[in-house]
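# any chance you could fold what I've pasted below:
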Amino acid sequence: MRKSRFNESQRQAIVSSHLKGGKTVEQLCEEHQISPATFYKWKNELDDMQHEEKRRLRELEAENLRLKKMYAELQLKHEVVSEALQIAKKFAAHNKKKA
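Next comes the predicted model:
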């Protein structure tokens with residue numbers, strides 16, 4: 001497979017210049033000496049990449065929410081156990097005084 005003479009940021013710049021309404025596909029292809037098929041291939045690849053990034057972001061947000069809930073539950077359990085331990089210590093100290 002032949003290596004492209006355009007790197008990723010150059011491809012993005014070319015596609016975004018079309019999306020901003022600056023130039024038509026034909027003008028861009030002529031200016032950069034690429035075929036319209038290449039342009040649309042780049043455009044589809046960038047769209048796929050953006051959709052993948054959005055999907056991954058949604059997954060990470062869902063995982064973050066799950067972990068926050070887990071942390072909150074563990075924090076509550078810790079507080080309950082700590083309070084129970086303090087009560088048990090007070091009870092043990094009170095029983096020791098009686099004995």
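# which helix or strand in the protein has the lowest average pLDDT?
Confidence across the helices and strands of the chain bottoms out at helix 8-19, with a mean of 88, counting by mean pLDDT, DSSP states H and E.
# which residues are contacting the helix or strand that contains E30?
Secondary-structure element containing E30, defined by DSSP states H and E: helix 25-32. Here helix 25-32 makes contact (Cβ atoms under 8 Å, 6 or more residues apart in numbering) with F6, I14, S17, H18, K23, I34, S35, P36, T38, F39, Y40. Quick note: C-beta positions are derived from backbone N, CA and C, even for glycine.
# apply 10 Å and report the result again.
With contact meaning Cβ atoms under 10 Å, 6 or more residues apart in numbering, helix 25-32 is reached by 5-6, 10-11, 13-15, 17-18, 22-24, 34-40, 43.
# just checking, R5 touches I14?
No: taking Cβ atoms under 10 Å as the definition, R5 is not a contact partner of I14, at 12.0 Å.
# joint contacts of those two?
The contact sets of R5 and I14 overlap at H32, I34 (Cβ under 10 Å, 6+ apart).
# so for the two, which sits in the more crowded spot?
Under the criterion of other Cβ atoms under 10 Å, the comparison of R5 against I14 puts I14 first, with 20 against 9.
# wait, the more buried one sits on N7?
No: in this structure, I14 is not within contact of N7 by Cβ under 10 Å, at 11.0 Å.
# who are the packing partners of the helix or strand encompassing A62?
Remark: A62 resides in helix 36-98, with elements defined by DSSP H and E. Using 3 or more Cβ pairs under 10 Å, 6 or more residues apart in numbering; DSSP states H and E, the elements in contact with helix 36-98 are helix 8-19, helix 25-32.
# which among the contacts of helix 25-32 end up buried?
Burial by neighbour count, 16 or more other Cβ atoms under 10 Å: within the contacts of helix 25-32 this picks out R11, I14, V15, H18, I34, T38, F39, K43.
# contacting residues around the fourth one?
Read it as H18. Residues in contact with H18, defined by Cβ under 10 Å, 6+ apart, are T24, V25, Q27, L28, C29, F39, W42, K43.
# any idea how far it is from A92?
To A92, H18 is 77 Å away according to Cβ to Cβ, to the nearest Å.
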